[in-house]
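Visitor: Next comes the sequence, and after it the predicted model I'd like to discuss.
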Amino acid sequence: MSPSFPKCNQAGIEFVISTNEELQEEVMFLSDDFPIAMYTQSYNDDASDYIPLHWHDELQITWVSQGELEYSINGDTFKLGADKLLLVKNHQLHSSKTIGQDTRTLCINFTPDIFHPLILKNYILPLLQRDAFSYSLLLLSPYQLSLLKKLLNWKNEPLGYFSVSNFLSHIFEQILNEFEEGEDAGNYEEIRLFQTMLSYIHNNYPDPLNVRQIADRAVISKNLCTALFRKYTGLSPIKYLNEYRLYTAKNLITHTDRTISEISADVGYNQISHFIEQFRNSYGLSPLKYRNKFGQGR
C-alpha cells in the first residue's frame, strides 16, 4: 500500500498513516500494557496534504496545535482550530485536510480499556453505545491547553501514561456533562451502506467504474448512491473516485520511482494527457514538477 500524508511522529519514531482494504487505520501502540498511541501529524499545505476517509477500532482525540483543519465526520464538516478538542468515537468515517496553511496536530488513539472497570461499565460504555454519539467538540480551558502543549513532547515513560489516562478521564467527564439525551438516534444503516461503497472504490479504483457498479455493491439505486456520496463527501460518486485516484497518484509520485505514465495507468487513467491535466487542476503543478518539489529525493 502506498504511504499516506501527513507525516507523523510518535515518541521520536517517524511513520505515515496507512489503512487496510476496509479503510481501517492501522494504529501502533508503543506499549503492550497501555493501549495508547500518541503522535503528532505535520500537514504540508503546499503539497495539499490530507487524510482521506477512514476509521479505526480505537477512539481518537485530535488537537490542532498549529494552523487549522477542515474535518469531516459522517457527513458533518467543520473547522478545527487550537481552541477546541475533537474526540471521535471508534468506527466513525472521518477525513481531514488543511485550510491554506501548514498545520500540526496532536492525536491520541486509545481503547476504552484504559479506564477503571467500574468507570467503564457505568459511564464510558453507556455513552459509546448511544447511536446518537459519534464525536464531540470541546472548548478547551487554559489548563487543558497547557497540558496538551506539554504532551507535544511526550516520551514513552510509565508516568506519562498516568498523565494521559487522567487527562482522558477528565475529557470524558466533560463530554458526559455536555451530552444531551434527546439527540437524533443517527443513521447507522446509511453509513454502513456508504462505507460498503467507499471500500469498493478504494479497492477497485484502477478499474473503469460507473455509478451503477458502485450502487450495486450496496444493493441500492443509483439515485440513493449519489445522494449518500453528496451527503458524506460533498461529491458525486465519480468525482470522489477521480479525487481518490489522484490522491493515490500523488503518493506514488512522491514515494516511488515509477514513471508518470506508469502511475497514470496504475490509477486508472487511459490517457496520460488527461491525467496530467486533472492532476494539475487538483494540485496546482504537473506530476513531474510535483515530484521535483515534494518527492522523497528532494
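Guide: Here it is on my side, so go on.
Visitor: Show the end-to-end separation of stretch 130-145, please.
Guide: This stretch, stretch 130-145, spans 28 Å end to end (C-alpha to C-alpha, to the nearest Å).
Visitor: spatially speaking, which residue is in the middle of the chain?
Guide: The centroid of the chain falls nearest to Ser95 when counting by C-alpha atoms, centre = their mean (3.8 Å).
Visitor: In this structure Lys7 contacts Val16, no?
Guide: Yes - contact criterion C-beta atoms under 8 Å: Lys7 and Val16 qualify, at 6.2 Å. Every C-beta, even on glycine, is put in place using the N, C-alpha and C of the backbone.
Visitor: Find residues that contact each of these two.
Guide: The overlap between the contact sets of Lys7 and Val16 (C-beta atoms under 8 Å, 6 or more residues apart in numbering) is empty.
Visitor: Contact partners for Ile253?
Guide: For Ile253, counting by C-beta under 8 Å, 6+ apart, the contacting residues are Ile260, Ile263, Pro287, Tyr290, Arg291, Gly295.
Visitor: Remind me what the helix ranked longest in the chain packs against, helices and strands.
Guide: Counting residues, the longest helix found in the chain (DSSP state H) is helix 158-178. The helices and strands touching helix 158-178, judged by 3 or more C-beta pairs under 8 Å, 6 or more residues apart in numbering; DSSP states H and E, are strand 36-43, strand 84-88, strand 103-110, helix 125-128, strand 135-139, helix 142-151.
Visitor: Number of residues surrounding His191?
Guide: Careful, residue 191 is Ile and not His. Residues contacting Ile191 under the criterion other C-beta atoms under 10 Å number 20.
Visitor: which SSE is it in?
Guide: Assigned by DSSP states H and E, Ile191 belongs to helix 188-204.
Visitor: Poorly predicted segments of the stretch 151-298 of the chain, please.
Guide: 155-159, 180-188, 297-298 (pLDDT under 70).
Visitor: For it, just list every one of the strands.
Guide: Per DSSP state E, counting those that start in this stretch, the stretch 151-298 of the chain carries no strands over any range.
Visitor: Tell me which stretches of it form helices.
Guide: 158-178, 188-204, 211-218, 222-233, 237-255, 260-266, 272-283, 287-294 (DSSP state H, counting those that start in this stretch).
Visitor: buried sites along the last one?
Guide: In other words, helix 287-294. Within helix 287-294, the residues scored as buried using 16 or more other C-beta atoms under 10 Å are Pro287, Tyr290, Arg291, Phe294.
Visitor: okay if I get those residues as TSV plus distance to Asp57?
Guide: Shown next, in TSV, are the buried residues of helix 287-294 (distance: C-beta to C-beta, whole Å):
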residue	distance to Asp57
Pro287	35
Tyr290	34
Arg291	35
Phe294	31
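Visitor: Which of the residues you listed lies at the shortest distance from His274?
Guide: Using C-beta to C-beta, Pro287 is the member of the buried residues of helix 287-294 that lies nearest His274, at 12.1 Å.
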